[in-house]
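**Q** return atomic coordinates for the entry below.
(chains A and B)
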Amino acid sequence: MLDDATRERIQTEVNGSDVFLFMKGTPVFPQCGFSAAVVQVLTHLGIKFSTLNVLEDPAVRDGIKSFSDWPTIPQLYVKGEFVGGCDIIREMYETGELTDLLEQKGVTAAVNA
Amino acid sequence: MAMNAGEIESLILEDFPDAKVTIEDLRGDGDHYAAHVVSAAFVGKTRVQQHQMVYASLKGRMGNELHALALQTAAPDA
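**A** Predicted coordinates:
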């Protein structure tokens, strides 16, 4: 279920940052291995990103699944567009596609890693 | 609640009769799987769309009974 208020809140979040991650826990304290893996990839690439801890927000935890038609968390958004969950991000990182996508979207690493 | 590998495979095959499905029980606990699905239905689809199609074939079990399914999808080599 996704009510309008939650949809709007999610939309505002994903529009508010170039790279946005819905995750379980926080980057410093991930509470799920899949979320931790995505944080690790982004950190390794030196990408600045914002996060929302769905464990502290049951409405978003549930609503995000309808929002993206995607049943699991983590979920990564770049410039407002859903890119994928843990498997896809890991695969895209390994093939170099993630770096290409970020470049295409004009997101560059804060520090050259 | 867990699912066995055969159940996952037959749900996927229902929607993708041509698929080559490989399922691995990662921890032997019936709860953490990796699936590799190769089907012509994926041609021209993005990864997100391919995974969404597989999730749809699992009919709501993903994220519920099925806690973890590491998914890799591909179209057959031309």
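
**Q** going forward, measure contacts between C-alpha atoms and count neighbours the same way
**A** OK.

**Q** so which bits of chain A are right by chain B?
**A** Proximity of chain A to chain B (CA under 8 Å from any CA of the partner chain) is limited to residues A:Asp69, A:Trp70, A:Pro71, A:Thr72, A:Val83, A:Gly84, A:Asp87, A:Ile88.

**Q** so where's chain B uncertain?
**A** B:1, B:78 (pLDDT under 70).

**Q** for burial, what's the neighbour tally of the residue of it found nearest chain A?
**A** Closest residue of chain B to chain A, CA to the nearest CA: B:Gly63 (5.6 Å). If you count neighbours by other CA atoms under 10 Å in any protein chain shown, B:Gly63 ends up with 15.

**Q** same question, B:Glu14
**A** Neighbours of B:Glu14 (other CA under 10 Å): 12.

**Q** skip the chain neighbours and tell me the closest residue to it.
**A** Nearest in space to B:Glu14, with sequence neighbours left out and distances taken as CA to CA, 6 or more residues apart in numbering or on different chains, is B:Ser57 at 7.5 Å.

**Q** that neighbour contacts B:Ile12, doesn't it?
**A** Yes: contact criterion CA atoms under 8 Å: B:Ser57 and B:Ile12 qualify, at 5.5 Å.

**Q** hmm, back to that, so what's the residue of chain B closest to chain A up against?
**A** A:Pro71, A:Thr72 (CA atoms under 8 Å, 6 or more residues apart in numbering or on different chains).

**Q** just want the phi and psi numbers for it.
**A** Main-chain torsions, B:Gly63, degrees, to the nearest 10: phi 90, psi -10.

**Q** how close does it get to A:Asp100?
**A** Distance of B:Gly63 to A:Asp100, computed by CA to CA, to the nearest Å: 30 Å.

**Q** what's the local residue count around the closest residue to A:Lys105 other than its chain neighbours?
**A** Of all residues not flanking A:Lys105 in the chain, A:Lys79 sits nearest, at 7.2 Å (CA to CA, 6+ apart). Neighbour count for A:Lys79, taken as other CA under 10 Å: 17.

**Q** OK, contacts around B:Leu66?
**A** Contacts for B:Leu66 (CA under 8 Å, 6+ apart) come out as B:Met1, B:Ala2, B:Met3, B:Asp31, B:His32.

**Q** partners of it in the sheet?
**A** Beta-bridge partners recorded for B:Leu66 (DSSP bridges): B:Met62.

**Q** tell me which of B:Ser57 and B:Ile12 has more neighbours.
**A** Shown here are B:Ser57 and B:Ile12; by other CA under 10 Å, B:Ile12 has more neighbours (22 against 19).
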